[in-house]
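1. need coordinates for the below:
(3 chains)
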Amino acid sequence: MKRLTVPALLAVLFGVLLWVSMTGILNSYWQSVLMFMGVNIILATSLNIINGNMGEFSCGHAGFMAVGAYVSSLISVALFTKSSVFGDPLLSPDLAVWLFPLVLLAGSLAASVVGLLVAIPSFKTRGDYLAIITIAASYIVKSTIENIGAIGGARGFMGMSGVMNAMNDTAKLPWILIWVFLGTVFSVWFIRRFIYSTFGKGVDAICQDEIAAEIMSVNTDRVKLVAFMVSCGLAGLAGGLFAHILGYVNPGTFTILKSTEIMVMVYLGGMGSISGSVLAAIVMTLLIEYLRDAFGFINTFLHYISIIPDSYEVTQVWKWVLIPLLLVLLMQFRPEGIMGRRELADVFPGLRKFYKFKG
Amino acid sequence: MLQSFLQNILNALQWGSFYSLIALGYCLVYGVLLLINFAHGDIFMVGAYLAFFVSMVLLGKYGAISGLPGWMVLSLAVPLTMILTAVVGVTLERIAYRPLRRKGVNRLYVVITALMCGLILENGNLALLGASRKSFPTLIPIQVYDFYGVTVTNLKLMVIGVAILSFLLLHFIVTRTKIGMAMRAISYDRFAVPLMGIPADTVIVFTFVLGSGFAGLAGLFFAMTYPVIDPYMGALIGWKAFIAAVVGGIGSIAGAFAGGFLLGFVEIMVVAFFPSTYRDLIAFSILLLILSIRPTGLFGVARRTKI
Amino acid sequence: MALLDVKEMTQYFGGLCAVSEFSVSLEQGQMVALIGPNGAGKTTVFNLVSGFYKPTRGEIIFKGQSIKGLKPHQVTSCGIARTFQNIRLWFEMTVLDNIRIAQHHALGYGLWDCFLRTPRYMQSERNIEDHAMDVLTRLGLRDVAHELPKNLPYGVQRLVEIARALSIKPALLMLDEPAAGLNSSDVEGLIKLVGDIHKDYGLAVWMIEHQMDVVMSLCSWIKVIDFGATIADGTPTAIQNNPDVIKAYLGDDTI
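-> Predicted coordinates for the structure are as follows:
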């Protein structure tokens, strides 16, 4: 019975989400916040494999997200809806609902393959040099997309809302919410099962002492390859979902700033802690949304107490001063993040009663 | 044909000079602290802005003093910019990096801090000064010389000259002076150095002074050459200068320098033959290629770890 | 046929000759020591056989197959396990996990098996855990299975390291200074332990060691190297009286 607790909770959560969405209790703004939360959870947990468990410094996660976003968008638009780039849909729009997971999978696989750009150098290179390679890879992806005029280049690509509409025609359900939920659950589940297996623990072993790992029969090249491909593939999944939430995708989104956002979540949550990444992703998403509104208030307040000149407006830009500052302070005072290297079960042993935590 | 080739070489030298001056800063700090100072590109940007304000004040544009002639402003701006930028660099070191070094934390945390400080500098600038770009004032009249069809300006020559002089000066400091030796010693064993009576912190501060100072110099001349400055100008150039330093061999000054010029050369040549939007893409790809063949860079020395 | 046959193995690092024409032959179940002054090249010899470096010249033959040029994890899969001079455990993972990870050569499942929790995966994980607990129990470490090595005393850490190496079921166990840093009662325990596992598992043991009581009580053959070259080779008694060996360790009388 213990084994069914979490699936039961997830099913209940799923039901609640569907209900609040369909009855309109939760407006579309908050629905999209929840969906971005899901995307961020996937991004943070997947980056955690590399930056947390393996202890590397990958600054290019946004690049793999971009690959997934573009590949799944291009495929889904080409197949299921009419667009200026591809013309008429290649398949019947009725199939959109059934084949969408495959489209997302295609995006993930593409991102995994691009991940080889970084995975293969990682066999011999570590640390700072690998960080450079991830930055370069991310720039190369972004630059390549910007140079392909046929899919919109720097202007971006759209049409995914058409695909969503096609799904809506088949059944009136909040499809993108459903896909994001399923994608998030799948990712966290997949990562958890990978990391807790003896195979997955090889990743931590490489982090703590790669030479010992090699001598203790761990095929480090293979483990690194798998870790990178899983991490990049799931980033691609997040990208695909992200693109379909917005209905529009543009290479300017996938910059080092985006990679930094994801990194903040990983380090805030605690390196190597899946529950940490999930929590941090939730907190950060809410924080960013809160700051969006809060600045109006802060602005008025600061003007009111005359700290700042009348002509100066406190804007959104300060968000990008505050978030890095948060991470700097974190590094100074609590570098291990919220959870350190532990999981929820280690912090709240009482939870063990309800769920059988493996390993 | 030869003319356009020479023209390109000249442009590459000039463009590469900026990369080299910035790459030097990465190299020095990495050589001493084994830390990639990700905020360095933004220190370059701060340098450009400091140069802007210094020049505007000295030219009398803010009414603080009656304006000085262009040549004098330039001669004063060079040391002032370098000093002020060095102050910014050292402050960063004292506030952000040194406390972490004291605590002896994992190097990764310092790297993350560096990256975040860079973002704070960029966005702080944007937040404080607004999104409008600033136009750098003309300090000296541009004189164009025509050399058998190759266009050379006095500014271009000045930039290249400054870069070469900087390299010579730094090379001299690092190889011939006591503090230079101390800098090299620290990179090998940070804990032994204070035991030998050399104050490690002083050496580290000196390294940041040098690195940031030259980044400021690069900022000044960059702003003179391309007179529009904006808060994000340091980001891309910084990353590229950094990769150039690594390709050249980040432990060695000559390597960082060579890397900077190499990158300049690659970019100018790429733009000569391909549409300019491909410039970054091809430059990064070539650098990635070089790194995969020779991971320690062209002039870098591999450090053997004892098993 | 010898279990391990090293023939004229030579290693240059740049211009420096670290190991010169090193040869050794170990039979199944034999216990051999490699001794020599500090910096003689003993650990380099081990690193060469383990696969961290590829020798510039020479041959390494294990169970009749050449293992020269194989990667370390492949060498280990062939049946050679090794410990290090400095304890190289994974200090942030439990003792049990340390042993489990050493079973990577016997995983028998892939990534999707992990996710889908296939029977193959479940069986394999069960076997790995059982085997790990067996090895730990055998070495008296069952009680610390869920502790982190960083919280354990040095002597216990050494034991865990040996347990980890043993869990690979090697035919040859290479121990690099196993007695380093141990107090005298731990050393006695080590001697007894190595003797016991040698008897129970019939494995060959090749050790680098400075502490002569360990070497003398366990090993039937000793090789002495200095500056990368072999200077003597023989039974413990012969080595004890060998003038070249004495000279290498203590220097000669001429001033």
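2. give me the buried positions along the helix or strand residue C:123 falls within.
-> Using DSSP states H and E, residue C:123 falls within helix C:119-138. Neighbour counts over helix C:119-138 (16 or more other C-beta atoms under 10 Å in any protein chain shown) mark C:121, C:124-125, C:128-129, C:131-133, C:135-136, C:138 as buried. Backbone N, C-alpha and C define where each C-beta goes, glycine included.
3. the next helix-or-strand element following it and chain B in contact?
-> Past helix C:119-138, further along toward the C-terminus, the next helix or strand under DSSP H and E is helix C:154-166. No - Helix C:154-166 stays clear of chain B (C-beta under 8 Å from any C-beta of the partner chain), getting no nearer than 15.4 Å.
4. quick revisit: any chance of the buried residues of helix C:119-138 in a markdown table with distance to chain A as columns?
-> A markdown table is the format used below for the buried residues of helix C:119-138 (distance: C-beta to the nearest C-beta, whole Å):
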| residue | distance to chain A |
| --- | --- |
| C:121 | 7 |
| C:124 | 8 |
| C:125 | 6 |
| C:128 | 6 |
| C:129 | 9 |
| C:131 | 11 |
| C:132 | 9 |
| C:133 | 14 |
| C:135 | 13 |
| C:136 | 15 |
| C:138 | 18 |
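5. make a markdown table out of the residues you listed and add pLDDT.
-> Shown next, in a markdown table, are the buried residues of helix C:119-138 (pLDDT from 0 to 100):
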| residue | pLDDT |
| --- | --- |
| C:121 | 92 |
| C:124 | 92 |
| C:125 | 93 |
| C:128 | 94 |
| C:129 | 93 |
| C:131 | 94 |
| C:132 | 94 |
| C:133 | 94 |
| C:135 | 94 |
| C:136 | 94 |
| C:138 | 91 |
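6. what sits against residue B:93?
-> Neighbour list for residue B:93: B:204-205, B:208 [criterion: C-beta atoms under 8 Å, 6 or more residues apart in numbering or on different chains].
7. residue C:85 too?
-> C:43, C:176-177, C:180, C:208.
8. can you narrow the residues you listed down to the ones near chain B?
-> Within these, those near chain B by C-beta under 8 Å from any C-beta are residue C:43.
9. by neighbours, which of the contacts of residue C:85 wins?
-> Greatest neighbour count in the contacts of residue C:85, by other C-beta atoms under 10 Å in any protein chain shown, goes to residue C:208: 23 neighbours.
10. ok, that one to chain B distance?
-> Counting by C-beta to the nearest C-beta, to the nearest Å, the separation of residue C:208 from chain B is 14 Å.
11. quick one: which of the contacts of residue B:93 is the most crowded by neighbours?
-> residue B:208 (27 neighbours).
12. tell me the spacing between residue C:192 and residue B:61.
-> Separation of residue C:192 from residue B:61 (C-beta to C-beta, to the nearest Å): 86 Å.
13. likewise residue B:151?
-> For residue B:151 relative to residue B:61 (C-beta to C-beta), the value is 30 Å.
14. sorry, back to before: name the residues that touch the helix holding residue C:123?
-> Identification of contacts with helix C:119-138 by C-beta under 8 Å, 6+ apart yields A:197-198, C:95-96, C:99-100, C:103, C:106-109, C:113-114, C:142, C:144-145, C:163, C:166-167.
15. just the buried residues of those residues.
-> Among these, those classed as buried by 16+ other C-beta under 10 Å are A:197-198, C:95-96, C:99-100, C:103, C:106-107, C:109, C:113-114, C:144-145, C:163, C:166-167.
16. and residue B:61, what does it touch?
-> Per C-beta under 8 Å, 6+ apart, neighbours of residue B:61: B:67, B:137.
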